[in-house]
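A.B. asks: 3D, please:
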Amino acid sequence: MVDPADIVLMNAGEILTLSGASKAPKTGAQMDDLGIIHNGALAIKDGLLVDIGPNDEIEKRYVVDALKRIDVGGKVVMPGFVDPHTHAVFGGSRVEEFELRLKGKGYLDILKEGGGILSTVRATRRLSLEALIGACEPYIDNMLLHGTTTVEVKSGYGLSLDEELKILEAIKRLDEGHPLDIVPTFLGAHAVPDEFRDNKNGYVKEVVAMLPRVKELGLARFCDVFCDEGAFSLEDSRRILTEAKNLGFGIKIHAGEFKDLGGAFLAAELGAVSVDHLDHVSEDGIKALARCKVMGVLLPGVPFFLGQKNQAQARRMIEMGLPIALGTDFNPGSCPTVSMQMIIALGCLEMGLTPAEAVSAATINAAHALGLGRQVGSLETGKRADVIVLDIPSYRHLPYLFGVNHVDMVIKAGKIVVEGKRIVR
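C.D. replies: Sure thing, here's the model as predicted:
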């Protein structure tokens, strides 16, 4: 008998371990290998996975001594989802714009008229720090209920130093008070605010000036820029991200959501951790990213929600050796869903991923998109015990039975935080 475990999960129909990719993300054919253990079990102690294997072997070693033995009755056990791209701290909604788009108004047209991101900026600025936290905590709760155990959250709806710091402080407070782990990103260059409408260069200088203060306060791990039509040019983005890199931020970049401005090449040049969207990107851009091992974070919910036909060419990216991840891009304007399960379905239905590729992209590869591949994203001994139990007979049912929350239980860092589809407080 080995040391007693805190929790033992028994009788899993499938355990998706996603093993073997903690040092580097899965690419190519590796993405179809989920490291499945049939009729498996795992043991957790002190917040970490201490053993995993066939049910009979784990039962012999742990069941008698486990403080909590849980029979999952043939359900699917897998790593918690990692969502590598969200904008989950904001005020208000954009439901009126949703209706305008349904009537034929374009997203960029709304933005040019002062709506879009700028309308959310105005709503967010009106909220106090406490009101902002209160408005956004339900979103974080819903992410957890849908199986996300680690999430990246960006600022970007403040667009001034004080308001960006307010958002980053809200992200910090949400992280401290919630079981879900939140990775903060500074996105001061999300849009040009109203007060700089005719002076974009002046706002670029303002963002550069914000960076040292954000770094001094330790409020963001990454810096991101929206490099696209209607936002920031390639040179604007280079200027901001170069300064951020010099200050020690990890680098991310929105690129190719609406138009290819060359953001993929900039991401490769600066050694970005990820480049996100890539709905419009050249083959040469994909090659550059693959050579430099930059993660491509694909966000299929955005063109789906905006009614656009152009999805990122996920199949071609995999063929060319680019590691890809999936994220929700949860935000009030272009993708208001918190569900990584829905994104897995869209990855299959809209991008042509196999169910296994989509699961790899939503777990271990998404962890690498946040620099966390050695800590989370797979079920391997010594890694954090972020585990979800899905009430389905096989992982293939995730994209097949879409639009339904299949998560029955969430274990976060060794503690049960969702049970019977309800948060355990």
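
A.B. asks: got the residue ranges for the strands in the stretch 251-400 of the chain?
C.D. replies: Using DSSP state E, counting those that start in this stretch, the strands assigned to the stretch 251-400 of the chain run over residues 274-277, 295-298, 324-326, 387-390.

A.B. asks: out of those, which comes closest to Ala189?
C.D. replies: With CB to CB as the measure, strand 274-277 is the member of those nearest Ala189 (13.7 Å). C-betas here are computed from N, CA, C, even on glycine.

A.B. asks: quick one: contacts of that closest one?
C.D. replies: 84-85, 224, 228, 252-257, 263-264, 267, 289, 294-299, 302, 312, 325, 327, 329, 369 (CB atoms under 8 Å, 6 or more residues apart in numbering).

A.B. asks: List the strands paired with it, with their directions.
C.D. replies: Strands that pair with strand 274-277, judged by DSSP bridges, come out as strand 250-255 (parallel), strand 295-298 (parallel).

A.B. asks: Would you mind giving the ones you listed as JSON lines with distance to Ala123 added?
C.D. replies: Below are the strands paired with strand 274-277 laid out as JSON lines (distance: least, CB to CB, whole Å):
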{"stretch": "strand 250-255", "distance to Ala123": "21"}
{"stretch": "strand 295-298", "distance to Ala123": "26"}
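
A.B. asks: Give the helix, strand or coil label for the nearest residue to Val389 once chain neighbours are set aside.
C.D. replies: Closest residue in space to Val389, ignoring its immediate chain neighbours: Met409 at 4.0 Å, by CB to CB, 6 or more residues apart in numbering. Under DSSP: H, G, I helix; E, B strand; the rest coil, the three-state class of Met409 is strand.

A.B. asks: neighbours around Met409, how many?
C.D. replies: Neighbours of Met409 under the rule other CB atoms under 10 Å: 22.

A.B. asks: before we move on, what about Ile253?
C.D. replies: If we define neighbours as other CB under 10 Å, then Ile253 has 29 of them.

A.B. asks: show me the contacts for it.
C.D. replies: 224-225, 227, 237, 241, 263, 266-267, 272, 274-276 are the contacts of Ile253 under CB under 8 Å, 6+ apart.

A.B. asks: Now do it against Leu159, distance only.
C.D. replies: Noted for Ile253: a distance of 18 Å to Leu159, by CB to CB, to the nearest Å.

A.B. asks: Which stretches in the stretch 201-350 of the chain count as helices?
C.D. replies: In order along the chain, the stretch 201-350 of the chain carries the following helices (DSSP state H, counting those that start in this stretch): 234-247, 263-270, 283-292, 301-306, 314-319, 340-349.

A.B. asks: Minimum distance to Phe90: which of these has it?
C.D. replies: Each of these was scored for nearness to Phe90 using CB to CB, and the closest is helix 301-306 (15.9 Å).

A.B. asks: Most tightly packed of the helices of the stretch 201-350 of the chain?
C.D. replies: helix 340-349 (a mean of 25; mean count of other CB atoms under 10 Å).

A.B. asks: circling back to that earlier point, now the buried members of the contacts of strand 274-277.
C.D. replies: Neighbour counting over the contacts of strand 274-277 (16 or more other CB atoms under 10 Å) leaves 84-85, 224, 228, 252-257, 263-264, 267, 289, 294-299, 302, 312, 325, 327, 329, 369 as the buried ones.

A.B. asks: What average pLDDT does the helix or strand encompassing Ser119 get?
C.D. replies: Assigned by DSSP states H and E, Ser119 belongs to helix 117-125. When pLDDT is averaged over helix 117-125, the result is 96.

A.B. asks: Show me what counts as buried in it.
C.D. replies: In helix 117-125, counting by 16+ other CB under 10 Å, buried: 117-121, 123-125.

A.B. asks: Any chance of these in a markdown table with distance to Asp109 as columns?
C.D. replies: Converted to a markdown table, the buried residues of helix 117-125 look like this (distance: CB to CB, whole Å):
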| residue | distance to Asp109 |
| --- | --- |
| Ile117 | 13 |
| Leu118 | 13 |
| Ser119 | 13 |
| Thr120 | 17 |
| Val121 | 18 |
| Ala123 | 20 |
| Thr124 | 22 |
| Arg125 | 23 |
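
A.B. asks: so which of the strands of the stretch 251-400 of the chain comes closest to Ala24?
C.D. replies: Comparing these by CB to CB, strand 295-298 comes nearest, at 10.6 Å.

A.B. asks: how far does the closest one sit from the chain's center?
C.D. replies: 10 Å (CA atoms, centre = their mean, to the nearest Å).

A.B. asks: With stretch 180-187 instead?
C.D. replies: That offset, for stretch 180-187, works out to 10 Å (CA atoms, centre = their mean).

A.B. asks: now stretch 397-414
C.D. replies: 16 Å.

A.B. asks: Quick one: closest of the strands paired with strand 274-277 to Ala356.
C.D. replies: strand 295-298 (15.8 Å).

A.B. asks: same question for that closest one, mean pLDDT?
C.D. replies: 98.

A.B. asks: what's next to it, contact-wise?
C.D. replies: With CB under 8 Å, 6+ apart, strand 295-298 has contacts from 25, 84-85, 273-278, 286, 289, 312, 314, 317, 322-327, 347, 351, 361, 365-366, 368-369.

A.B. asks: end to end, how far does stretch 394-406 reach?
C.D. replies: One end of stretch 394-406 to the other measures 11 Å (CA to CA, to the nearest Å).

A.B. asks: what's the answer for stretch 100-108, then?
C.D. replies: 12 Å.

A.B. asks: Nearest spatial neighbour of His178, chain-adjacent residues omitted?
C.D. replies: Ile140 (5.4 Å).

A.B. asks: The one you found touches Glu176, doesn't it?
C.D. replies: No - in this structure Ile140 lies outside contact range of Glu176 using CB atoms under 8 Å: 11.8 Å.
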